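Enquirer: Here is a sequence with its predicted model. Questions after.
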Amino acid sequence: MGAIYLGIPKSLAIFIRQKFNVSSFVETGTYYADTALWASGLFDEVHTIELSNTLYKTVVEKYGNVPNIKFFNGSSQIVLNDLFRGGLPISLFWLDAHYSGDETSGDELSCPLIDASTFAHTTHIRSSARTLKNQ
Ligand SMILES: C[S@@+](CC[C@H](N)C(=O)[O-])C[C@H]1O[C@@H](n2cnc3c(N)ncnc32)[C@H](O)[C@@H]1O
C-alpha cells in the first residue's frame, strides 16, 4: 500500500537534502509554520506561501525573526510563479496547499496542487536544465 505520512516525510527530505546537496526548501501552505520551522534547521533558505491572511500574520508575528525563512502571503499559483521568475536555486518542493477546514483558506479551489505542479514541471525544471547546459 506504500507509505502514508500525515506530514512531510522527514527522513526522505533529509536524504534528498544531503544526497543532492539541495539548499533550498519551498513550501506551499504554511499553516502554523511547523514544517517551515523544521526545514529552517536543515536548509539554507526556506520559502513558504500561505493564502490565508490571518494565518500569514500569525506566523510572521511568531517566526518572522527566523533569518532563513521567507514568508509569503498569496496564492501558491501566483507566488510560486514569482519565485521562479526571481530565480531559485535547485529546491525541494513540499506542495501542501489545500483547504483544510477551520481557519484555512482555499475552499474555492479544490486542488491548487495542479497549477503548482504544472509550474514546477514546466518552469523550474526547464530553467534548471538550461543552467546545467550552460555550465
Ligand atoms: C495542510 S495545511 C499546510 C500544512 C503545512 N504545510 C505543514 O506541513 O505544517 C494547508 C494550508 O494551505 C493553505 N492554502 C490553501 N490553498 C492555498 C493556496 N492556493 N495557496 C497557498 N496556500 C493555500 C491553507 O490555508 C492551509 O493553511
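Expert: Good, I have the coordinates.
Enquirer: so which helix or strand takes in the most centrally placed residue in the chain?
Expert: In the chain, the centroid-proximal residue (C-alpha atoms, centre = their mean) is residue 27; its distance is 1.3 Å. Under the criterion of DSSP states H and E, residue 27 resides in strand 24-28.
Enquirer: quick one: low-confidence ranges for this structure?
Expert: Counting by pLDDT under 70, the chain has low-confidence residues at 1-3, 110, 113-135.
Enquirer: Which residues of it lie near the ligand?
Expert: Contact residues, the chain versus the ligand (C-beta under 6 Å from any ligand atom): 7-8, 27-29, 31, 34-35, 49-52, 55, 75-76, 96-100, 104-106, 109, 112. To be clear about C-beta, it is placed using only N, CA and C from the backbone, and glycine gets the same treatment.
Enquirer: Can you mark which positions in stretch 35-49 are buried?
Expert: For stretch 35-49, the neighbour count (16 or more other C-beta atoms under 10 Å) marks 35-40, 42-43, 45-49 as buried.
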